[in-house]
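Colleague: Sequence first, then the predicted structure, then my questions.
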Amino acid sequence: MKALQGLAFLLLMQSGGEALSHFLKLPVPGPVVGMVLLLLALHWQPVRDAVAPAAGFLLQHLSLLFVPVGVGVMTHLALLSTYGLQLVAVIVLSTWVGMAVTALVLRLLHPKENHGELR
């Protein structure tokens, strides 16, 4: 029963994000706004207790959520054969850029440590 309550709360946060994004005409997608709302709500223990079983259930069955993506790829094989190399290049390049930006942000936010000094 707790998992259903948690799932209902997750859907409520997504719906709230969709509504805020739509009515405030935000340039951010509704699910992203819903994730921010969820992040803020997770500061309260009752919310964490309700969401934890649903999150565990979703993580256990995460592979099932990729089935629609696989079906979509299979139905568009002609596009994949035409633009496959470009898609791979974009995916690899964007992954590298994302990793580089993450490393730079981590370096900026992490306190300086003296790795080379001997005491």
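Modeller: Good, I have the coordinates. Bear in mind the structure is a predicted one, so any value in this text is a computation, not a measurement. Numbers count the residues shown, from 1 in each chain.
Colleague: OK, contacts around residue 59?
Modeller: Residues near residue 59 by CB atoms under 8 Å, 6 or more residues apart in numbering: none. From N, CA and C alone the C-beta is placed, and that goes for glycine too.
Colleague: what's the pLDDT at it?
Modeller: Residue 59 is assigned a predicted lDDT (pLDDT) of 92.
Colleague: And residue 118, by the same measure?
Modeller: pLDDT, read off for residue 118, is 54.
Colleague: got it, and residue 109?
Modeller: Reported pLDDT at residue 109 in the predicted model: 88.
Colleague: what about it, neighbour count?
Modeller: For residue 109, the neighbour count with other CB atoms under 10 Å is 7.
Colleague: cool, residue 55 as well?
Modeller: Residues near residue 55, counting by other CB under 10 Å, number 14.
Colleague: helix, strand or coil for it?
Modeller: helix (DSSP: H, G, I helix; E, B strand; the rest coil).
Colleague: ok, it to residue 100 distance?
Modeller: Using CB to CB, to the nearest Å, residue 55 is found at 30 Å from residue 100.
Colleague: wait, doesn't residue 15 sit right on residue 34?
Modeller: Yes. If you go by CB atoms under 8 Å, residue 15 and residue 34 touch, sitting 7.3 Å apart.
Colleague: These two: which is more packed in?
Modeller: In terms of neighbours (other CB under 10 Å), residue 34 is the more surrounded of residue 15 and residue 34; the figures are 22 against 14.
Colleague: Could I get the buried residue list for the helix or strand of the chain with the lowest mean pLDDT?
Modeller: Sorting the helices and strands of the chain by mean pLDDT, DSSP states H and E puts helix 67-75 at the bottom, at a mean of 89. Buried residues in helix 67-75, defined by neighbour count with 16 or more other CB atoms under 10 Å: none.
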